[in-house]
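[1] Turn this into a structure:
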Amino acid sequence: MIGEIPIREKNIVLIGFMGVGKTTIGTLVAKKLYRGFIDIDKEIEDKCNMPITQIFEDLGEKKFREIERDLIIDTCLNTRLNVISLGGGAYLQEEVRKICLSHCIVFFLDLSWDSWQDRIPLIIDNRPVLQNKTIEEIEQVFRTRRTAYSLHNSKISTDNLNPEEVADYIVESLKLAWDIYQPHND
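    Alright, predicted model coming up:
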């Protein structure tokens, strides 16, 4: 295929439920691989000049998802050598999944429901999708999103790992893949 991005130059995309640690882990992976780090939620806040909670309030979730989709597609198509952290709901959009899977290496950071529940008090205030929901409704959102997350290149169960261990695992698996798929001039 003409224009195929060499595997070593592809962006690395981190997906997973909100609060799983995509930004923390993505920052570590970027440092270890000497790459740029792009947090899509932060980029949206900068572009709109307001926090995501206010974007949801003022513009609505539909407009937020459009901005998010366009930014992700542009980033995946027009940048290389970055680690990109997607917001928890971004990957539900089919266009986002397709572009990430065709142009990037997608890692699903998987955390069990039991482990994730412990994080609710830490994240609920700045996650508009969780506002005014019961624990049962939040669990339903969690379970529904797992279906979209199942489309990835690699999955890491993060339950018993700290961010540094997850980042090291990603870096090691990438280096192995790069060695396997590196074109050789023998």
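[2] which residues of this protein fall in strands?
    Counting by DSSP state E, the segments of the chain that form strands are 11-15, 36-39, 82-85, 104-110, 154-157.
[3] between those, which gets nearest to I170?
    Comparing the strands of the chain against I170 with C-beta to C-beta, the closest turns out to be strand 104-110 (5.8 Å). Backbone N, C-alpha and C define where each C-beta goes, glycine included.
[4] How many residues are close by E165?
    Neighbour count of E165, defined by other C-beta atoms under 10 Å: 14.
[5] Repeat that for C104.
    Residues near C104, counting by other C-beta under 10 Å: 23.
[6] what's next to the worst-scoring helix or strand of the chain on mean pLDDT, contact-wise?
    Every helix and strand of the chain was ranked by mean pLDDT, DSSP states H and E. The lowest is helix 120-123, at a mean of 78. Helix 120-123 has contacts (C-beta atoms under 8 Å, 6 or more residues apart in numbering) with M18, G19, L130, I135, I138.
[7] Narrow these to just the buried residues.
    M18, G19, L130, I138 (16 or more other C-beta atoms under 10 Å).
[8] Point out the least confident one among those.
    Across the set of those, L130 stands lowest in pLDDT, at 77.
[9] any idea how far the nearest residue to that residue once chain neighbours are set aside is from I44?
    Residue nearest to L130 in three dimensions, not counting chain neighbours: I124, with 5.2 Å by C-beta to C-beta, 6 or more residues apart in numbering. With the distance defined as C-beta to C-beta, to the nearest Å, I124 ends up 20 Å from I44.
[10] between these two, who's got more neighbours?
    I44 (21 against 14).
[11] one step back: pLDDT score for the residue nearest to L130?
    pLDDT, I124: 74.
[12] what's the answer for I2, then?
    pLDDT, read off for I2, is 46.
[13] returning to what we had before: can you put the strands of the chain in CSV and add mean pLDDT?
    Compiled in CSV, these are given as follows (pLDDT from 0 to 100):
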stretch, mean pLDDT
strand 11-15, 98
strand 36-39, 98
strand 82-85, 98
strand 104-110, 97
strand 154-157, 96
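[14] Of the ones you listed, which is nearest R146?
    Using C-beta to C-beta, the nearest of these to R146 is strand 104-110, at 8.1 Å.
[15] name the helices or strands packed onto that closest one?
    Packing partners of strand 104-110 (3 or more C-beta pairs under 8 Å, 6 or more residues apart in numbering; DSSP states H and E): strand 11-15, strand 154-157, helix 163-181.
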